[in-house]
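1. Give me a model of this one.
(chains A and B)
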Amino acid sequence: EAQVTQNPRYLITVTGKKLTVTCSQNMNHEYMSWYRQDPGLGLRQIYYSMNVEVTDKGDVPEGYKVSRKEKRNFPLILESPSPNQTSLYFCASRGTGGNTEAFFGQGTRLTVV
Amino acid sequence: SQQGEEDPQALSIQEGENATMNCSYKTSINNLQWYRQNSGRGLVHLILIRSNEREKHSGRLRVTLDTSKKSSSLLITASRAADTASYFCATGLGGYYKLTFGKGTLLTVNP
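-> Okay, the predicted model is just below:
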């Protein structure tokens, strides 16, 4: 079954404690991205990756890092989380070509206290 | 930056009625896509319409695209309580892979 898997689904952490949210896809997609979703703001792209070792900033990259060492994995790293990073996070992947759909993970609800 | 904007922000209808949601965008696009999100869960792709298409159907869904007005509409016919969800439009630009999402329309279908 084609899917994007994120872990964990829920996470409560304290300010400043580094954390990683994992994302893995089994569709051999080149393009992967991270979004955050906040009430009234919709989905905003944090980072994206066109392929292995190719990453770039999205619209709201401050406070986040990513890596793409393998095609299937695209972890999101918060080196020093702050309360304003409390949000619902989604990983997504797409295949090559502009006219393709995105597949989303189930989301990670992060609370930073 | 937000490219698509859905209208209305919220819509409440009775089961069996049709639901229409609109999306407006600002720049030229390669395609426009509609997604559905059940509360707090991942987005699920519904339908994609290319910039050279004007209308597309999928089951009870009908999507139209008017590139001259930079707008699209999603029609759900004979709605069901299970259609209750948020609906987002997303635009794809040129050869880029990025999808830019609107803020969504919250549809509530009352039994």
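2. Where is the longest strand in chain A?
-> As assigned by DSSP state E, the longest strand anywhere in chain A is strand A:42-51.
3. Which of the helices or strands spans B:Q33?
-> If you go by DSSP states H and E, B:Q33 is part of strand B:31-37.
4. Show me what that strand is packed up against.
-> strand A:102-104, strand B:43-50, strand B:61-66, strand B:71-76, strand B:85-92 (3 or more C-beta pairs under 8 Å, 6 or more residues apart in numbering or on different chains; DSSP states H and E). C-beta coordinates here come from the backbone N, C-alpha and C atoms, glycine included.
5. Redo those strands as TSV? Include mean neighbour count, mean pLDDT and distance to A:K17.
-> As requested, the helices and strands packed on strand B:31-37 are arranged in TSV below (neighbours: other C-beta atoms under 10 Å in any protein chain shown; pLDDT from 0 to 100; distance: least, C-beta to C-beta, whole Å):
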stretch	mean neighbour count	mean pLDDT	distance to A:K17
strand A:102-104	24	93	27
strand B:43-50	19	94	29
strand B:61-66	18	98	44
strand B:71-76	20	97	42
strand B:85-92	25	93	31
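6. got CSV for those strands, with distance to A:S93 too?
-> Conversion of the helices and strands packed on strand B:31-37 to CSV gives the following (distance: least, C-beta to C-beta, whole Å):
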stretch, distance to A:S93
strand A:102-104, 5
strand B:43-50, 12
strand B:61-66, 23
strand B:71-76, 23
strand B:85-92, 14
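7. center of chain A - which residue?
-> Central residue of chain A (C-alpha atoms, centre = their mean): A:W34, 3.0 Å from the mean position.
8. gap between the lowest-mean-pLDDT helix or strand in chain B and the chain center?
-> Lowest on mean pLDDT, DSSP states H and E among the helices and strands of chain B sits strand B:5-7, with a mean of 85. On the basis of C-alpha atoms, centre = their mean, to the nearest Å, strand B:5-7 sits 9 Å off its chain's mean C-alpha point.
9. And the contacts of it?
-> Residues outside strand B:5-7 that contact it (C-beta atoms under 8 Å, 6 or more residues apart in numbering or on different chains) are B:M21, B:N22, B:C23, B:S24, B:Y25, B:Y87, B:F88, B:C89, B:G102, B:K103, B:G104, B:T105.
10. Mind doing that once more with 6 Å?
-> Here strand B:5-7 makes contact (C-beta atoms under 6 Å, 6 or more residues apart in numbering or on different chains) with B:M21, B:N22, B:C23, B:S24, B:C89, B:G102, B:G104, B:T105.
11. out of the residues you listed, who has the most neighbours?
-> B:C89 (30 neighbours; other C-beta atoms under 10 Å in any protein chain shown).
12. how about the residues of chain B near chain A?
-> B:30-31, B:42-43, B:45, B:48, B:50, B:92, B:95, B:97, B:99, B:101, B:103 (C-beta under 6 Å from any C-beta of the partner chain).
13. Lovely, talk soon.
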